[in-house]
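Colleague: the amino acid sequence is not available; the structure is as follows:
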Ligand SMILES: Nc1ncnc2c1ncn2[C@@H]1O[C@H](COP(=O)(O)OP(=O)(O)OP(=O)(O)O)[C@@H](O)[C@H]1O
């Protein structure tokens, strides 16, 4: 095949153009680069020759020793010869495109090439560099707020699999009229920092299908698509739309392969044929797109493979795209390399039209209002007999529009207020972060050593309590005395109090809503009325308690004793608040029992239902939290929010409300006769009665459902509040313990007692603590990577005492929690990780599965065979790797077993050789913000501990 030289990069047009009637879009060609890797060891050993010459930065051509084939050069945007490092490939071939996502422009970077040509090698480096640049940009752009979301999938044998949630099975692709192709039920995680993002990428890499072929020991058997979604908005923004949202897709394709070269059969052969088929579709799509411009409208077969369906926006759509074509320089692969270059040549001709994607929440609202006005205008003009009624409806709608505008204003105000609160919070945490993390004073605040007498939840187990290991304790005290700064402690207390205040505010807002809910029931039966009265009294009572805790003034001094007294008294307030919440919940339960008897059909009740349907904002949990949690004055905003909500409710409710409106208007126009049956306007004729009574029944049913749902919402919210109060309580106890200990140490005159202990006694204590820790790890199903890391790091050094103590206490606490929570209902636990025995076991199982995938890449086949023999994994059995990993860390009584298990896990995870071997400091006990949805006590995620 003869290839014609292609247009050099400099001549490719990249001019922004304007899309008629829409946002500005930018038409540009796909940026195509070629990377030639060095000859591999295998190729060198086989004395393979270099068949390609990279003449300059844009041109590559076959060397003349290829008889009977064309030696015409190929030109691309950039050609990277074997000496180029990945950083250069990123800087010159991908960086510009990758960073577009930060300014609201979708971007895709993918690697294409034959198997073992270096796609994974290249994409790994590209991803790493892109992540680094993205976070650097976020850091240097403080005026914008960024949210980064991560998701990843692989297409294996034409099946789409979520790499963050393999258990969910094959995922479906859906066509969304607004968003285009979406992957149904794909998990998306928010990545707060680069560390988290890297660990997520690591998880996906471990999950991906990899297999061995003759050309590549770790050949990717699937196409992998990592998606980073970047949302950003101006912090001080209060007017027009200025939020961006865009995705960066990082695609590592599986490599095209010839069965004859890869020597595969069975499963690998099947994989190979799927890979080749989807790559063929990709080539066809690219080829057709490249000639599409010239030949007018032609069909592009995006739908012929999952890969091209998912990548559709990146191929000729709303995205900036860079393709890095990788190739081997070897003569033995020259045909495959020519195919790659042919693909690259076609790709160069494909034009995309990327545009800035803005978030249009407010725009949509305006459009909705416009539509509504247009609809009403149309209704007004239509020849309806009851034009009077329509006019009044129109007036009403006008009022609603006004109210919506007010609601919008209120929402803006709330957002600004929330923003400034957030800024304050950030400033505070920045101040804290400013302190060197390894500075001893800060470390001491974080590494707690408690006085157990004052911490009921953190008592030492009886076996330890008896000995009350004075030696270890003294050592810990010594550390606290020398390094703890009281002002830091008081600062921690202040932070907790701030959160408690927020909690009080939330409780108040929930109660306001509850109050409205109760008020709407005032026409109910006798029983219900009594319950309601009781409920109202309780609410009132509770509000007093909430406001007491809110009013507690935070003093400016740092007298720790005063702090303790104050904290203790506040603890009582929280307990009281909790008790009241309990009572309210009971009353709600009772009220719910009365509900069916409330369903009578008097006109006043119709009115009450309608009022209820319109006034209560907690219709479902999605709407509930933002409204309850927003810091607004409850009464006026609840009306506004309600009106706003009406625009967004389900069609079923729509019908109902508009029906109610009609009824209500009619009622207003003509007062009902006393005792008038169904309570509907007396102007209506008799024949109309039948359908109306049917409607009333329907309304009763709908009311009943809505009321039950509302009450359920409140109940869930009250339960959540209780949980949060409990957490806050616990955090305070920790602080009180620390403060007490500090006080105790301050007053202690026996410094001499804290002098050196004998090495022998420490050694005995260490051994004993270690055994306890190992047993508790086992009982609490703690991550085996965590166990290994801890076990390997803390080997009995005198400095380890503090860590041993903290680990032991954490585990004792965790064991108690698990015993208490057990397998409590998911409703109580929410979706927090590792908060029940079941979820801990599940997490551990997943971790073992992940580790088993690393067995072949981390161990040589000889090592592996030895391990199979040592760990009694029968030959020829199924899933031998998993069998092996499942045997590790299973016998807490046998210290040889523990040592051997730790060695194997360390090897699989790469602790031994990693230069980033974890430091002991990572085992600190941290305070976790209440706003953080994760369980504060949760172990580090396995992925955080893996070193990729
Ligand atoms: N530019 C490079 N410099 C040095 N080594 C490289 C380079 N590119 C690839 N390699 C090495 O070549 C081998 C194959 O690379 P890699 O696994 O990335 O290929 P691939 O194209 O992803 O293969 P497959 O399609 O089979 O997954 C690896 O051992 C990798 O380290």
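Modeller: Cool, the structure landed. Nothing here was measured: the structure is a model prediction, and the numbers come from that model. Residues are numbered from 1 along each chain as shown.

Colleague: got the buried residues for whichever strand or helix holds residue 868?
Modeller: Residue 868 is part of helix 861-870, with elements assigned from DSSP states H and E. For helix 861-870, burial by neighbour count (16 or more other Cβ atoms under 10 Å) applies to 864, 867-868. C-beta coordinates here come from the backbone N, C-alpha and C atoms, glycine included.

Colleague: kindly reformat these as JSON lines containing pLDDT and distance to residue 79.
Modeller: What follows is these, written out as JSON lines (pLDDT from 0 to 100; distance: Cβ to Cβ, whole Å):
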{"residue": "864", "pLDDT": "90", "distance to residue 79": "41"}
{"residue": "867", "pLDDT": "92", "distance to residue 79": "45"}
{"residue": "868", "pLDDT": "91", "distance to residue 79": "47"}
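
Colleague: now the residues you listed as a markdown table including distance to the ligand?
Modeller: Output for the buried residues of helix 861-870, formatted as a markdown table (distance: Cβ to the nearest ligand atom, whole Å):
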| residue | distance to the ligand |
| --- | --- |
| 864 | 19 |
| 867 | 24 |
| 868 | 26 |
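
Colleague: how about the residues of the stretch 251-400 of the chain by the ligand?
Modeller: Proximity of the stretch 251-400 of the chain to the ligand (Cβ under 6 Å from any ligand atom) is limited to residues 254-255, 326.

Colleague: in the helix or strand that comes right after the helix holding residue 868, what's buried?
Modeller: Counting by DSSP H and E, the next helix or strand C-terminal to helix 861-870 is helix 880-887. Buried positions in helix 880-887, judged by neighbour count with 16+ other Cβ under 10 Å: 880-887.

Colleague: can you tell me which of the residues of the stretch 251-400 of the chain next to the ligand are in helices?
Modeller: Of those, none are assigned to helices by DSSP state H.

Colleague: closest one to the ligand out of those residues, please.
Modeller: Nearest to the ligand among those is residue 255, at 2.6 Å by Cβ to the nearest ligand atom.

Colleague: tell me the phi and psi of the closest one?
Modeller: Dihedral pair for residue 255: phi -90, psi 150, per degrees, to the nearest 10.

Colleague: show me the helices in the stretch 751-900 of the chain, by range?
Modeller: Secondary structure of the stretch 751-900 of the chain, counting by DSSP state H, counting those that start in this stretch: helices at 759-780, 784-793, 801-821, 826-829, 837-858, 861-870, 880-887, 895-909.

Colleague: deepest of those helices, which one?
Modeller: Each of the helices of the stretch 751-900 of the chain was scored by mean neighbour count; the highest is helix 784-793, a mean of 22, by mean count of other Cβ atoms under 10 Å.

Colleague: quick check: angle from that one to helix 880-887?
Modeller: 60 degrees (axes from the mean of the first three to the mean of the last three Cα atoms, to 10 degrees).

Colleague: quick check: the residue of the stretch 751-900 of the chain nearest the ligand.
Modeller: For the stretch 751-900 of the chain, Cβ to the nearest ligand atom, closest residue to the ligand: residue 857, 11.1 Å.

Colleague: and the closest residue in space to that residue that isn't next to it in sequence, what does it touch?
Modeller: Spatial nearest neighbour of residue 857, excluding adjacent residues (Cβ to Cβ, 6 or more residues apart in numbering): residue 218 at 6.0 Å. Going by Cβ atoms under 8 Å, 6 or more residues apart in numbering, residue 218 touches 120, 210, 212, 857.

Colleague: the third one - how many residues pack around it?
Modeller: The burial metric for residue 212, expressed as a neighbour count using other Cβ atoms under 10 Å, is 15.
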